[in-house]
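In: Task: produce atomic coordinates for the following.
(chains A and B)
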Amino acid sequence: MKQYRLQVMVCAGTGCVSNHSFELKEALDREIKKHNLQNETEVVYTGCNGFCGAGPIVVVQPDGIFYQLLKVTDIPHLVEEHLLKGRPVKKNLYTPPAEKTPIPKMADIPFFSDQTLIALRNRGMIDPEKIDDYIARGGYKALAKVLTSMKPDEVMSEIKASGLRGRGGGGFPTGVKWETCKKAHGDTKYVICNADEGDPGAFMDRSIIEGDPHAVIEGMIIGAYAIENVHQGYIYVRMEYPLAIKRFQIAIQQAREYGLLGKNIFAKGFDFDLDVRRGAGAFVCGESTALMASIEGRPGEPRAKYIHTVEKGLWDCPTCLNNVETWVNVPQIILKGAKWFSSVGTGDVSIDPWGGSKGTKVFSLAGKVNNTGLVEVPMGISLGDIVYKIGGGIREGKKFKAVQTGGPSGGFIPESMLDIPVDYEELTKIGSMMGSGGMVVCDEENCMVDMAKYFLKFTQEESCGKCIPCREGTKRMLDILERITIGEGTEEDLLLLEELSNMIVESSLCALGGSAPNPVLTTLKYFREEYEAHVKNKKCPAKICRQLLTYTIDQKICLEIGHGCGVCKKNCPDAAIIGERKTVHYIDPVKCGKCGACYDVCNFNAIIIE
Amino acid sequence: MELNVQQKAEEIVNRWNCAPSNVIEMMHDIQNEFNYLPKELLYEISNKVNVPIAKIYNIATFYNAFSLKPKGRHRVHVCMGTPCHALGAPRVVSAIERELGIKCGDTTPDMKYSLDICGCVGTCGLAPVVIIGDDLFGPIKVDGVPRLLKKYESK
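Out: Purely as a prediction, here's the structure:
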C-alpha cells in the first residue's frame, strides 16, 4: 500500500455533502496537483464525523487538524499554507463560542474529547465505501474469531454477560432476546436490522450507516451464527436516507465478493445473506411487528404482541430484530470481551439483565445548542454534561428551558433535572425515555405547549389507525391543544388532557400509541405555568403561538431605518397594513389575521410582537 | 413520450422476482421514475404479481412515500423534524407558500413545483432543512427562500 505524508479526510455524510463537500474534494485535488503534491498527499472521503453543524468538515491527518465550515474558495489558500508550507489556516479552525483562540486538533475540541467511542469508533477514519478500509481497522476480525473458535452458545453467553440492551428505545436485554429466539421452534429464522429511524430529531442510525456500514453487517452475521438456523437477514432502511441505502447496498455487495456473505462463510459451512428493504415513509414501521408487515409487502400496521416476534415474526418464523446501534456494538463485545463492555455504564447486570445500563449510547444533539451533532457518551453521564460540556451550551447566550429525549415517545426534561444520569430506568422514572437517542434542546424562545402540540400532531398523523385509543384519542388531544394555542382553552381542558393521556397510555395496541401522550404529560407536569398562561391570560410567554400575539409596527424604526420600504404591506395576505412608500406603516388590528408574514419579511425588525 | 405500460410493468416486476412481498419495492421504483403512481401501471402490476388492486391501493394510500396524483417537476419538501420545527420550519413553509402561491400539499398549475412537508431527514445540524429534488439545503431562513427557489427557475 502506498504511504502518504498527509491524508486529507473529507467528510461525506449527508450534512456535509449538502454543503458541497464533493466540490471541496475536487478543488483539493485540483490545487494539490497544481502544487505537485499528489505523490505525498491523499484526499479521501470518510463517513459522518458527527459534528454536522460545523460542516463541511475536513481533517488533515496524521496530526488531526480539524477544519470547519469550509468553502471551495478557501481551498487554494489552505492547500498552499497547510499542505505545502505546514501552517494550519487559523480562520478555518474551530473556535469555541465566546472564545478567541482556535483549537487546531480534533482530539482537543471538547465536542470530541468528552466522548467515548464504541459504536462510532470508525467515524471519520475510513471510507465507508471501501471494505478494505474497514478490514484495516480490525473489521471482520470478530466474525473470524466467532466462526473459527467459538460455539454459538459461547457467543450467546458473551453477549448476555456484556449487559448490552436494545438501543432502539425499549432497552430490552439483547442476549435475552437472542436466546429466546434461539429456543423458539422453527427451522427457518430471520434477523432484521431496524434502520427505520423515524424519530424526528434523531440521526444516529443514519450517521452510523453512512460512516461504517460494514460494522452493522458484521454484527448481524455474528447474531445469525449465535441464534442458529438463520440464513437470511433484512435491513429495513427508511427511504428518507438515500445515501444510507446506497452505502448499505455497496457494503453488502463487497462483503459478498469477499465471501463474508453468502454460502459457506470462512469455509465453516455457515450460510447467511442480507438484503436491503426500503421503508416508505411511515413512522409506525419502526415498531417491530409493523416493520415485519412492511417487509412482507403489507401496510405497516402493528399487531398485538401476545406472541412475541422472537417466536412468530417475519412470515410467522422466529425473528430477531435489533436496532442499528445494537448490532454495531456486537463485534466490539466479541473482540474485547463482555467484561470490558460492562465496565462502562451503570448498575450491575450479572444477576438481573435489567439491572443496569452498560456501554455507551449515541445521541444526536440538536436544537438550540452551540454544537449540534452526534455524540457517543458512556451510560450514566449527566444530561447537563451533554448539553453544556459537549454541546457547548445554549446558542446566543439564551436561557435553557428543556431537553427533549426519546422523540415523540419521550418527554421534556426541565432544568432542575439536568443532573440525573442517562440510564434506561432513570429516564423512564421521570416520565421520559431513552428512546433511540434524539436529544433536542429547547431554550426560552420555545413554547412548551407548541412543542407538545408538534409531537402530538406528528403521532396523530403517523398513527396507523388500527386501534381506537391511538387513532381517536390523539386526535381529540390535538383538538384540545389547538384550542389552547389559539386562546380558546379552558382550565377544564388541562384536566381532560390528563385524563385522555392516561387512557391512551393504558389501552393502546402498540408502544407507539402507548407512549404518544408522554410529551404532553411531561410538559403538563414540569411546565404547567405555561399552559396556564395560555388558558387563563391568553398569552404565549415564549411568543410562538401567533394567534395569542398582537402585532404592531415600531414607527421610529419603520421610518428612520426602513424608510417605509413597504415589504410588509406587499406580503400581508389580509391587506391589513396601511401606509404609502417612504412613510410610516400601520397594522389594522381588526383586519390582521395574525399570520406573522410581516414579522418574517421585515428586514429591519420593526414589527413588534407582544 | 408514450408510456408502454406493458413493457414498463414487465421490467419492474421482473426486477423484483415477481414476488408479492416485493410490491412496495416495485411501487418505490414507479414513484421514483414517474413522481407518482400512474393508475394503468398499478393495474398491470396487480395482474402480473397477482395481488388484488384493492391491496395495492391500500399500500399506496397508507405510506407517505407514494402519491396517486402527479407531482411537480421540482418537489419541494420542508423537513418537519423537531429541531427544524424548533428553529422555525413552519415559518419557512409559509414563506414558500407565499412565494409559490400554493398551499402545502399542492402543485403549481404549470406542474413545476409541488410543496410538501416530510419527516425528519436526519440532518438536524443544518436545521431548518429544505429538500428540492435530490438536493438538500440548510439552514434556510425565511428571507433566503426567494433566492433558494430562484436556483430552479430556469431548470
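In: burial of the residue in the stretch 1-150 of chain A that chain B sits nearest to, as a residue count?
Out: At 2.9 Å from chain B, residue A:52 is the closest residue in the stretch 1-150 of chain A, using C-beta to the nearest C-beta. For glycine as for every other residue, the C-beta is placed from the backbone atoms N, C-alpha and C. Residue crowding around residue A:52 was assessed by other C-beta atoms under 10 Å in any protein chain shown; the count is 32.
In: do the same with residue A:255
Out: Counted with other C-beta under 10 Å, residue A:255 comes out at 24.
In: Which residue ranges of chain B form strands?
Out: B:74-79, B:113-118, B:130-132, B:135-137 (DSSP state E).
In: so where's chain B uncertain?
Out: By pLDDT under 70, the weakly predicted segments of chain B are B:1-3.
In: What's the local residue count around the closest residue to chain A within it?
Out: Nearest residue of chain B to chain A (C-beta to the nearest C-beta) works out as residue B:125 at 2.9 Å. Residue B:125 has 29 neighbouring residues, counting by other C-beta under 10 Å.
In: so is residue A:308 in a helix, a strand, or just coil?
Out: coil (DSSP: H, G, I helix; E, B strand; the rest coil).
In: That one against residue A:180, yeah?
Out: Yes - between residue A:308 and residue A:180 there is a contact at 7.2 Å, judged by C-beta atoms under 8 Å.
In: ok, back up a step: find the residue closest to the residue of chain B closest to chain A in space, skipping its chain neighbours.
Out: The shortest distance from residue B:125 to any non-neighbouring residue, by C-beta to C-beta, 6 or more residues apart in numbering or on different chains, is to residue A:52 (2.9 Å).
In: Tell me who's in contact with that neighbour.
Out: The contact partners of residue A:52, by C-beta atoms under 8 Å, 6 or more residues apart in numbering or on different chains, come to A:13, A:15, A:16, A:203, A:372, A:373, A:374, B:123, B:124, B:125, B:126.
In: returning to what we had before: kindly reformat the strands of chain B as TSV containing distance to residue A:475 and mean neighbour count.
Out: Formatted as TSV, the strands of chain B follow (distance: least, C-beta to C-beta, whole Å; neighbours: other C-beta atoms under 10 Å in any protein chain shown):
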stretch	distance to residue A:475	mean neighbour count
strand B:74-79	23	22
strand B:113-118	19	21
strand B:130-132	28	21
strand B:135-137	32	17
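In: related to what we said a few turns ago, roughly how far apart are the residue of the stretch 1-150 of chain A closest to chain B and residue B:122?
Out: In this view, residue A:52 and residue B:122 are 9 Å apart by C-beta to C-beta, to the nearest Å.
In: Likewise for residue B:62?
Out: 22 Å.
In: These two: which is more packed in?
Out: Set side by side, residue B:62 and residue B:122 show more neighbours around residue B:122, with 33 against 22, by other C-beta under 10 Å.
In: Near the nearest residue to the more buried one once chain neighbours are set aside, how many other residues are there?
Out: Among residues not flanking residue B:122 along the chain, residue A:203 sits closest, at 3.3 Å (C-beta to C-beta, 6+ apart). Counted with other C-beta under 10 Å, residues neighbouring residue A:203 total 35.
In: swap in the one 3 residues further on?
Out: When neighbours are defined as other C-beta under 10 Å, residue A:206 has 29 of them.
In: Quick check: it vs residue B:125, distance?
Out: 11 Å.
In: Residue B:19 now?
Out: For residue B:19 relative to residue B:125 (C-beta to C-beta), the value is 39 Å.
In: and what of residue A:604?
Out: With C-beta to C-beta as the criterion, residue A:604 and residue B:125 are 30 Å apart.
In: Break chain A down into its structural domains.
Out: A:6-110, A:131-342, A:360-443, A:448-535, A:550-609 (automatic domain parsing).
In: between the ones you listed, which one is nearest to residue B:14?
Out: domain A:131-342 (16.4 Å; C-beta to C-beta).
In: Now do the end-to-end distance for that closest one.
Out: 29 Å (C-alpha to C-alpha, to the nearest Å).
In: same deal with stretch A:591-608?
Out: Terminal-residue distance, stretch A:591-608 (C-alpha to C-alpha): 17 Å.
In: Now do the buried residues in it.
Out: Across stretch A:591-608, burial judged by 16 or more other C-beta atoms under 10 Å in any protein chain shown covers A:592, A:594, A:595, A:596, A:597, A:598, A:599, A:600, A:601, A:602, A:606, A:607.
In: Need the residues you listed in a markdown table (columns: distance to residue A:432).
Out: Putting the buried residues of stretch A:591-608 into a markdown table (distance: C-beta to C-beta, whole Å) gives the following:
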| residue | distance to residue A:432 |
| --- | --- |
| A:592 | 38 |
| A:594 | 33 |
| A:595 | 34 |
| A:596 | 31 |
| A:597 | 36 |
| A:598 | 37 |
| A:599 | 33 |
| A:600 | 33 |
| A:601 | 38 |
| A:602 | 38 |
| A:606 | 40 |
| A:607 | 36 |
